[in-house]
Each structure stands twice: as C-alpha cells, then as structure tokens.
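1. Starting from these lines, generate the structure:
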Amino acid sequence: MRPITLAQMRGLWLWAGALSLTLLIVVPLAWGLRATAVLAVVCVMVVAWNRLGRRATSMSASLILAENTSLPPAAYRQPVVLVCGDGLVELFGETPVEQLALRTTHQGCYVRVPELEQLPTLTAGLMTLRPEWSRQLSVMFIVNPAEQDDSAVLAARVRALRYQLGIVRKGDIALPLLLATYLQAPTAEAVWFSWEDAEDSPRVREAGACTSLADWQSHPSDSATRAARMHASVKLNSVVAWLDHTVLPHLSPRDARDPDGLPKVCAVTFVPLLAQSVTGNLWQQWLRNKVALLDARQAEPGQCISMPFPDPLLALLPMQAQRALLQRASVIAWWLFAVAGITALASSAWQNTLLVRQVSDDLRRYNALPVTGQPERPEYILREQALTVLREDALRLDSYYRHGAPLSLGLGLYRGERLRIRLQSTIAGHRHPLLAPRLAGNSTPVRLDSLSLFNTGSAQLKAGSTKILVNALVDIKAQPGWLIVISGHTDATGSTEQNLQLSRARAAAVHDWMQHMGGIPGSCFAVQGFGASQPIASNDTEAGRSANRRVDIRLVPEPGACVFPAAGSDLQPPVA
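-> Numbers count the residues shown, from 1 in each chain. Below is the predicted model of the structure:
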C-alpha cells in the first residue's frame, strides 16, 4: 500500500469504524449481539490507534541522526538518494553505523546505508517520518573495483542488493537504481560519464553542461589535456567492459532479463586516489589480464580523501509525479465506503426478500383454505387464524407506509407497498361464513353493468341510468332481517389501489340513489368494493373486461339487519 501519514491512517481507521457502526444499525441483529459487535468495533479501533502510534514512535527511534544533521522538511522535493556499497567513508566521513548519516547539497539529499540488509528498514523508517518522499527516493550503489579483491564476494553483494530492492519495491515504492563507479586516474577532472538505460555512447556531464564523449575529447586546444582525455577514454572503455562483465549480469540474470532490475543510470568518474583501495584488487587483475598494465598507486596512511557526490546525475533519475497524500487517503476511504454500501444494499435486499416471502406465504395459506359456514370445522378455525395473521401483516405494512420503512428494508429497495394493497384487498373481500351472499328464492344477484351507469373511470351516475336503477329497486325488496349488499367490481385495467377505490365509490353511488329514491333505512345496506379481485370472465378480452365491470346487489340474511327506524332518524350503512 502506498505510504500515507500517521494522521491520515488514523483517520481511515476512524472512517472504517464509523462505517462498521452504521452497518450494525442497518443490518437487523438481536440487541445483545448488536451491543457485542459495537463493543468489538470500538476495541479494534482503540487497539489500531495505539499500535499505529507505537509503530511511528518505534520507527522514529530507530533513526538516530548523527550530530549536526537533520532531515529536510516534509515539503522537500529534491531527489533523496540512499547510498550503499563502497566508498561510504570518503562520502560521509567517519560516522557510527547505528547513526543516520546524510549530506544535503543543492541538487539532492544523500542518506548513508551502512549495510545492504538495512535498506528495507531504513526505507520504512524514512517513509514513516516523511511519507511524502515515496516518489523521490532512489538508490545509489557504488562499485569501486579498486576496493574489491574477490569477484565471488562482489557478485554476492550485487545479488543481495537486487534482493533488498525487491523487498522495498513490493511496498509500491519505485526506488530507481543508480550504479556509480569511482576510479582513480592521475589527471582526474570533475566530470561524470553516464549512460541512461540502454544507451551505447556515454554523455559527459560537468558543471551543469552535457556533451558527447567525442566533443569532450576534442574540445581542449592544448595537446596535453587532449592526450589526458584520450587516456581517460581508453580507461573508461575498460571499466565499462568490466562492469558489463562482472556486475550487470548479477543485477538482472541474462536468462530472465528484468528491466526493473537494471540500473536506470550507470555512471563513472575519476578521482586522484581511493583511500580504501587494496593490493591485487579486481581492477588491477582486469588490467593485467586485458592490457598487461598495472596501476599500483595507493593512498598514504592517514591521508584524507573525499569523493564527489553525483549531483549532475540526479536529474536523470526518474521521479514519478507526486500525488497528494490526501488523494491517496481519499481513494482508500471511497473503497471502504463502497464496501460498506454494497454490504448495506445486500442486507436490505435480503430483508426485503424475506418480507415478500413471508407475506406471500401468509396470503397463499389463507387462499388455500376452503370456505365453510360451519364454525366447528377445523377449516373454519384455520381460515380465521390465517386472517388474523394477514391483519397483523397489514398493520405492520401500514405502519411502514405511514412512518417510513426501517433502514433494514430501505435504501430504495423496499417492496412492501404492493403487498400492502394486496393484503387490504384480501381482508376487505373476506366475509363471515354466516353472512355468505344468498338471495331469497333466487341464487343469482341483481347485476348492473357499470358502463350503463357510469362513464369510464368515473363514479358519478349517468343521467340515463335511472331506468336501470328503478328496475333493480323493484327486484330488491327491503325487509327486516335481510341485508342489501351492494358490491362494486372493475376489470384488471389500471392499478389495484385505484380499481379498489373506484369500485367502492360506484357501489356507494348506487347505495345513495337507492336509499334516497326507495326510502330504505341505511341499516339495510352494506357497501363493498372488490376492485378486480373477483372477476366473472377473463380480463384478456374486451367482452370479459366489460362483464367484470359491474355492480352486484344481493340479499343476505343477517339477524337484526334492516330495522325500519322511527321518523327523523339517520342511520348510515355499514361498510364491509
């Protein structure tokens, strides 16, 4: 994961904890289990908070700066180079190994890595203190052939470097490699010879200028300087051949050429003397085998020799565009939010599925029970129990309709409204067995065509419907103990709720006319609206839909019904 600051990491943990607590509110759990989960989330957040603090303190304590040195500020944007390999004493001076030695120039900051095994630890410590430097870090590996006398030992060090670089790069830190070589020469100039990637010809860099090797050789006018540069070019070709033969194959094996393992920049410079050169070193062995020459100059004991830092080469090291750390933390925060949102949506979808399954099963169980008029039979008791369950479901869904669905069913996935309408229609269509529709002396009801009485979608009686209603009033004779049940029906066109309301309104309009014109007491009537729940023909054809649009009038025996009151009383019809 890309490094971010301690404050941002703690902020992400707080964000993750807040999302977890929100999920515990959305996901339906028992109160005991929910309290336990909340306590667990709080404990995890406290532990993570403390561990992050201890880790930062430990990393800071592991980087002990040498005297009179300090890390550049977090806003420092020059290259930061981790220097390892040969010649560290000449570059950084005599500094204890356990201390962090660094040198800051105008072009960059150099940090000493005493041992290759310390490279991952030192990088992690710097990222803890300066996470903003993740895209400007690089490694400078120094290979001085005059300081090595065993090619096998050198090959092992190069392979160890490749291994340590792989460990660091797994943490999403690019860490480009600069391979540098210091070689002694009698007439050394303050220049660097560099190759970028797979360039064939080197470039010569000095004092901010960059020229080709041919121009550098031919530029001086005096013959002595030109001859010295020609000699340096010959030695440069030799050291390049030595690097290609001894060092580069171990950075990236030839059978598995890895572009990331090869150096981004290879550089060579000449110095007057090397303090750590040894007799019979690899460079002397190479010269003896190739050109039969020997450079036996050694530094005098106690002689202080300093080597230049490769400032002209730092501009060649790739520095990826620095992304704001806040943007990185924001990406992680959005991913956490997406995971929490998907979890909440999945929970809401599952709870809605359970709700639909439960109510649908209750409706199916009720409709599967046979209708019987004998209360002592088991079917009667089971049907009444099923009706009680439907009423409980209807109360629950009506509460959701009035006050809003709970979070566990919400998030735009609530599917209870259609179930609520179905429940209301089923409950409204339930009749007590003792009040089953029956006509005295006639098994069929008086059936009125809705289109003859009303306009389409209207519950207002037409002007020409009087004759039809008068004929129906003649057939219906109000008498004590009999209830006049007026039932409105529609076809399946339109929504269920609208059809239910329209059927009730039309039945009420017929009731009002009959009560007003026939002088029948209101207690003699019962008004019902069934919508499209009781078709008498198929709704797939126009003829069937026309037959289903009707108003039925039945006589039902009911004790105490249709009592003619004294004059002046105003009784309203019961609504079934």
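
2. Quickly find the element holding F270.
-> Using DSSP states H and E, F270 sits within strand 265-271.

3. Show me how far that strand is from its chain's centre.
-> Here strand 265-271 is found 48 Å from its chain centre; the criterion is CA atoms, centre = their mean, to the nearest Å.

4. Likewise for stretch 446-464?
-> 59 Å.

5. Just the terminal-to-terminal distance for it.
-> End-to-end distance for stretch 446-464: 19 Å, by CA to CA, to the nearest Å.

6. where's F141 relative to V268, distance?
-> 13 Å (CB to CB, to the nearest Å). Backbone N, C-alpha and C define where each C-beta goes, glycine included.

7. before we move on, the earlier item: may I have the strand holding F270 as CSV, with CA atoms only?
-> Extracted in CSV, the C-alpha atoms of strand 265-271 (Å, rounded to 0.1, in the frame of the first residue of the first chain):
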residue,chain,number,x,y,z
VAL,A,265,21.7,5.3,-14.9
CYS,A,266,25.3,4.0,-14.9
ALA,A,267,28.0,6.5,-14.2
VAL,A,268,31.8,6.6,-13.9
THR,A,269,34.0,9.3,-12.5
PHE,A,270,37.8,9.6,-12.0
VAL,A,271,39.4,10.6,-8.7
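
8. So which elements touch that strand?
-> Secondary-structure packing of strand 265-271 (3 or more CB pairs under 8 Å, 6 or more residues apart in numbering; DSSP states H and E): strand 177-184, strand 192-196, helix 223-246.

9. Listing partners with orientation, what would you give for the shortest one?
-> Translated: strand 192-196. Strand 192-196 pairs in its sheet with strand 203-206 (antiparallel), strand 265-271 (antiparallel), by DSSP bridges.

10. hey, C-alpha coordinates of it in PDB?
-> The C-alpha trace of strand 192-196 is given here as PDB (Å, rounded to 0.1, in the frame of the first residue of the first chain):
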ATOM      1  CA  TRP A 192      30.800  12.300 -14.800                       C
ATOM      2  CA  PHE A 193      30.400   9.800 -17.700                       C
ATOM      3  CA  SER A 194      26.800   8.500 -17.700                       C
ATOM      4  CA  TRP A 195      24.700   6.000 -19.600                       C
ATOM      5  CA  GLU A 196      20.900   6.000 -19.400                       C
END
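
11. Buried ones in it, by neighbour count?
-> Buried positions in strand 192-196, judged by neighbour count with 16 or more other CB atoms under 10 Å: 192-196.

12. same check, this time on stretch 468-477
-> Under 16+ other CB under 10 Å, the buried positions of stretch 468-477 are 468-469, 472-473, 476.

13. can I get these in TSV with secondary structure?
-> Converted to TSV, those look like this (DSSP: H, G, I helix; E, B strand; the rest coil):
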residue	secondary structure
I468	helix
L469	helix
A472	helix
L473	helix
I476	coil
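
14. which of F141 and V268 has more neighbours?
-> Shown here are F141 and V268; by other CB atoms under 10 Å, F141 has more neighbours (25 against 21).

15. Surely the more buried one is within a helix?
-> No. F141 is assigned strand when assessed by three-state DSSP, not a helix.

16. Output the lowest mean pLDDT helix or strand found in this structure.
-> Scoring the helices and strands of the chain by mean pLDDT, DSSP states H and E places helix 466-475 at the bottom, with a mean of 74.

17. Give me the residues contacting stretch 396-414.
-> Contact with stretch 396-414 is made by 25-28, 344-345, 347-349, 351-352, 355, 359, 416-417, 419-420, 423, as judged by CB atoms under 8 Å, 6 or more residues apart in numbering.

18. Show the buried residues in these.
-> Using 16+ other CB under 10 Å as the burial test, these include 26-27, 344, 347-348, 351-352, 355, 359, 416, 419-420, 423 as buried.

19. Just those residues: which are in strands?
-> Among the buried ones among the contacts of stretch 396-414, no member falls in strands (DSSP state E).

20. which one of those residues sits closest to G531?
-> Within those, proximity to G531 (CB to CB) peaks at L423, which comes in at 13.1 Å.

21. Please look at the closest one and A394 and confirm they touch.
-> Yes. L423 lies in contact with A394 (CB atoms under 8 Å); the separation is 4.3 Å.

22. What residues are bridge-paired with L461?
-> Beta-bridge partners of L461, counted by DSSP bridges, are F454.

23. burial measure for it, as a count.
-> L461, neighbours per other CB under 10 Å, totals 18.

24. Now the helices and strands packed on strand 265-271 in JSON lines, please, with extra columns for mean pLDDT and distance to N455.
-> Shown next, in JSON lines, are the helices and strands packed on strand 265-271 (pLDDT from 0 to 100; distance: least, CB to CB, whole Å):
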{"stretch": "strand 177-184", "mean pLDDT": "92", "distance to N455": "88"}
{"stretch": "strand 192-196", "mean pLDDT": "90", "distance to N455": "88"}
{"stretch": "helix 223-246", "mean pLDDT": "87", "distance to N455": "99"}
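
25. Can you list the low-confidence ranges for the protein?
-> Residues of the chain that meet the criterion pLDDT under 70 lie in 1-5, 59-62, 198, 253-261, 291-305, 320-326, 372-377, 431-444, 475-481, 558-576.

26. For it, which residue occupies the most central location?
-> Nearest to the mean C-alpha position of the chain, by CA atoms, centre = their mean, lies W335 at 2.8 Å.

27. so where does it fall, helix or strand?
-> Here W335 sits within helix 325-368, counting by DSSP H and E.

28. which helices and strands sit right next to that helix?
-> Short answer (3+ CB pairs under 8 Å, 6+ apart): helix 325-368 packs on helix 6-26, helix 378-403, helix 416-428.

29. buried set for the strand or helix carrying A214?
-> Under the criterion of DSSP H and E, A214 resides in helix 213-218. Within helix 213-218, the residues scored as buried using 16+ other CB under 10 Å are 213, 216-217.

30. neighbours around S465, how many?
-> Counted with other CB under 10 Å, residues neighbouring S465 total 18.

31. Burial check on the closest residue to it other than its chain neighbours, number of neighbours?
-> Distances taken as CB to CB, 6 or more residues apart in numbering place L453 nearest to S465, at 4.5 Å, with adjacent residues excluded. By the measure other CB under 10 Å, the count of residues near L453 is 25.
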